[in-house]
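[1] Got a predicted structure here, sequence first:
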Amino acid sequence: QVDLVESGGGLVQPGGSLQLSCAVSGGTFSTFSMGWYRQAPGKEREFVATINWSGHSTYYTDSVKGRFTIARDNGKNTVYLQMNSLKPEDTAVYYCAAAAVGWATMDPSRYDYWGQGTQVTVSS
């Protein structure tokens, strides 16, 4: 069984920063590709960022490019999402996901395991 647990969400002012973490237990983390998705109230879940198994390949949705950075530590079985210059429109529940395919993918159907999510609220 593979479990994903997100942490690091919270309330932050516009322009501020947060770092989300996703700890993975079970499975072989170093072979998984990882992704971050988010879902705002009344909206569908959307792709945010993905990273391949080695950490050498990353992709981002256009709205977060230059502000968010995805990274992983295979020794700690953890993936991170550093979020800078946060905007109110970044407010959402953020989910991490793991894909056994190993390559970075934006396709949610490729992800085999999902976390429960962590709330990020950007407001003054």
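    It's in.

[2] Need phi/psi at residue 108.
    When quoted as degrees, to the nearest 10, the phi and psi of residue 108 stand at phi -60, psi -20.

[3] whoops, residue 90 was the one
    Torsion angles, degrees, to the nearest 10, at residue 90: phi -80, psi -10.

[4] hang on, it packs against residue 121?
    No. Using Cβ atoms under 8 Å, residue 90 is not in contact with residue 121; the gap is 9.1 Å. For every residue, glycine as well, the C-beta is placed using N, CA and C.

[5] okay, these two: which has more neighbours?
    Neighbours per residue (other Cβ atoms under 10 Å) separate residue 90 from residue 121, with residue 90 holding more: 22 against 15.

[6] which ones are touching residue 67?
    83-86 (Cβ atoms under 8 Å, 6 or more residues apart in numbering).

[7] where do the strands sit along this structure?
    3-7, 10-12, 18-25, 33-39, 46-51, 58-60, 68-73, 78-83, 92-99, 113-114, 118-122 (DSSP state E).

[8] Columns distance to residue 105 and mean pLDDT on top of those, output as TSV?
    Output for these, formatted as TSV (distance: least, Cβ to Cβ, whole Å; pLDDT from 0 to 100):
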stretch	distance to residue 105	mean pLDDT
strand 3-7	16	97
strand 10-12	28	98
strand 18-25	16	98
strand 33-39	6	98
strand 46-51	6	98
strand 58-60	8	97
strand 68-73	13	98
strand 78-83	14	98
strand 92-99	6	98
strand 113-114	14	98
strand 118-122	22	98
